[in-house]
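> build me a model from this:
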Amino acid sequence: MPGQALVASEVGVDVVAAVDPSGPICVRWGSNLGILWAKHFVGETGPTEIHPDPVAADGSRSTLSRPPPKKRRLQEISMEMPPDPMTMKMLHLQNSIEMKVLKLKKTKTKLEDGEIFGFDSVCRREGKLKDLFQYYTGLKLLRYLALVDFLAPSDDCIAYRKSRHDIKRLALKDCLFLCLYRLRHNFGLKDISMQFGLLLQSSSDIFNAWIEHIYFKFGQLIVWPHRDIIINNMPADYKKEFHTRMIITDGTEITQSPCALALQSQMYSDYKSSTALKCLIGCDPCVSLMFVSELFTGSVSDKEITTNSGFFDLLKALLQRGYLLEGDAGMADKGFTIGNELEKLGLKLNIPPFASSGSQMSPGDTELTQKIAKHRIHIERVISKIKNYRIVFHTIPTSLFQNINQIWAF
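Residues are numbered from 1 along each chain as shown. Predicted structure coming up:
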């Protein structure tokens, strides 16, 4: 028949199929197979992509067509040379700068959120760090709170030179904390402004206003106790040997570097071998401060400082009020040759005896010198406590010269 073909299967069965040009196309070989019997292909619909081959003669399943493998991406092989040490150093420096910038942003965020250094922040960490508050101010927390109540009983007791917004947001306890913070550690105004979140001028106004206020308030107090109180609280050894010595005096110096040559000659101290400011300090045998003079130039002698400081006028007033009696005495170093001035007031002076030239001191004078030196250590302890405030321990800057007497008296 025209258009017919004889096809032999694998089982030997002769099959005649009509070749149809529109019949299914074999997906494997791409040829026209014509109309084949259905049993020769799975699904009886002819060859498919999954089953492109006819069923095997033994009836076994036809093998599924394996999908073409996916194209693998070849890893790019870098042909770049490793960076040189200078490049690595620059990268490390850039990373370090980025970390510091991030840290500064976090600090700025904390400041904006209200976590500013001050009274409250230190009190919160007082339990974790022992004596933290005393480290910053030199006072225990309870004494500090009592000082705040004495100095600032109301909110309007401090008058600042300029009314600033950043000053108004600080409480009185924070302002006093700022003042003591600078006195204790001698931090600069820029550092304080950064710590407390203030402008530079605002920090200066707070410090100066509180120094003046403290000087005014403490100047009204009577710090010289009655002689009976001094005697009752004397140490046993001191009371046994010098029971009528009511006060121990000595001079001390703080370093100052003026710019003018004339002031340098006036402030030069032979004892310090440098320019300095000197003053007179007195305490009782219990190491309580009783007298502080104003500061004088370093070239002034101890006797002149005692005369010009008002010390003799104070003793005269105390004698009139009964705080001292005739026959009471004071204790001083050899440089304070003020025995004649005290005798005019009816008082006495104990100083170490002078050794005559060309001969040794007698055993009695040596013993007296040792006794006086043993008890004069109390005034040295007072001076040491004052010098713990580093603003007077280091060289006084010229910017503080205008109110250095107020700072020293405090």
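> so what's the residue count around Met99?
By other Cβ atoms under 10 Å, 10 other residues sit near Met99. Any C-beta I mention is one placed from the backbone N, CA and C, and that applies to glycine too.
> give the next helix or strand downstream of the strand or helix carrying it.
Following DSSP states H and E, one finds Met99 within helix 85-112. Once the chain leaves helix 85-112, the next helix or strand it forms, by DSSP H and E, is helix 119-124.
> now find how far off-centre that next one is within its chain.
Mean C-alpha position of helix 119-124 versus that of the full chain (Cα atoms, centre = their mean, to the nearest Å) differs by 13 Å.
> secondary structure element holding the residue nearest in space to the middle of the chain?
Per Cα atoms, centre = their mean, the C-alpha nearest to the average position across the chain is that of Gln195, at 7.8 Å. Per DSSP H and E: Gln195 is located in helix 189-196.
> and the angle for that helix with helix 85-112?
If you take axes from the mean of the first three to the mean of the last three Cα atoms, to 10 degrees, helix 189-196 sits at 70 degrees to helix 85-112.
> list the buried residues for the helix or strand just after helix 189-196?
Moving toward the C-terminus from helix 189-196, the next helix or strand (DSSP H and E) is helix 200-218. For helix 200-218, a neighbour-count test (16 or more other Cβ atoms under 10 Å) marks 202-211, 213-215 as buried.
> so where's the chain uncertain?
Scanning the chain with the threshold set as pLDDT under 70 gives 1-47, 49-53, 55-83, 107-115, 161-163, 258-262, 358.
> now with 50, please.
Within the chain, the stretches with pLDDT under 50 are 1-21, 27, 29-33, 36-38.
> break the protein down into its domains, please.
With domains defined by automatic domain parsing, the chain comprises 1-59, 119-218, 227-353+362-409.
> straight-line length of the last one, end to end?
For domain 227-353+362-409, the separation between the terminal residues is 23 Å (Cα to Cα, to the nearest Å).
> repeat that for stretch 192-210.
Using Cα to Cα, the end-to-end distance of stretch 192-210 comes out at 15 Å.
> likewise for stretch 307-316?
End-to-end span of stretch 307-316 (Cα to Cα): 13 Å.
> with stretch 381-393 instead?
First-to-last residue span, stretch 381-393, Cα to Cα: 15 Å.
> for it, list every residue counted as buried.
Of all the residues in stretch 381-393, those buried under the rule 16+ other Cβ under 10 Å are 382, 386, 389, 391-392.
> what's the answer for stretch 340-349, then?
Within stretch 340-349, the residues that qualify as buried by neighbour count (16+ other Cβ under 10 Å) are 341-342, 347-349.
> turn the residues you listed into TSV, columns for secondary structure and distance to Lys190.
Below are the buried residues of stretch 340-349 laid out as TSV (DSSP: H, G, I helix; E, B strand; the rest coil; distance: Cβ to Cβ, whole Å):
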residue	secondary structure	distance to Lys190
Glu341	helix	47
Leu342	helix	49
Leu347	coil	50
Lys348	strand	52
Leu349	strand	48
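> which of those lies closest to Leu315?
Nearest to Leu315 among the buried residues of stretch 340-349 is Leu347, at 6.6 Å by Cβ to Cβ.
> pull up the gap between Tyr136 and Ser356, please.
52 Å (Cβ to Cβ, to the nearest Å).
> when the two are compared, which one has more neighbours?
Remark: of Tyr136 and Ser356, Tyr136 carries more neighbours, 17 against 10, as counted by other Cβ under 10 Å.
> doesn't that one fall inside a helix?
Yes: the assignment for Tyr136 (DSSP: H, G, I helix; E, B strand; the rest coil) places it in a helix.
> quick check, Phe291 in a helix?
No: counting by three-state DSSP, Phe291 falls outside a helix, being strand.
> from Phe133, how far out is it?
29 Å.
> same deal with Leu347?
Distance from Leu347 to Phe133, by Cβ to Cβ: 42 Å.
> try Ser293
Noted for Ser293: a distance of 31 Å to Phe133, by Cβ to Cβ.
> one step back: tell me which residues of the helix holding Gln195 come out buried.
Neighbour-count burial for helix 189-196 flags 189, 192-196 (criterion: 16+ other Cβ under 10 Å).
> show me where the stretch 151-300 of the chain has strands.
With DSSP state E, counting those that start in this stretch applied, the stretch 151-300 of the chain shows strands at 245-255, 268-269, 274-283, 289-292, 296-297, listed in chain order.
> which one of those lies closest to Ile158?
When the strands of the stretch 151-300 of the chain are compared by Cβ to Cβ, strand 289-292 sits nearest Ile158, at 23.3 Å.
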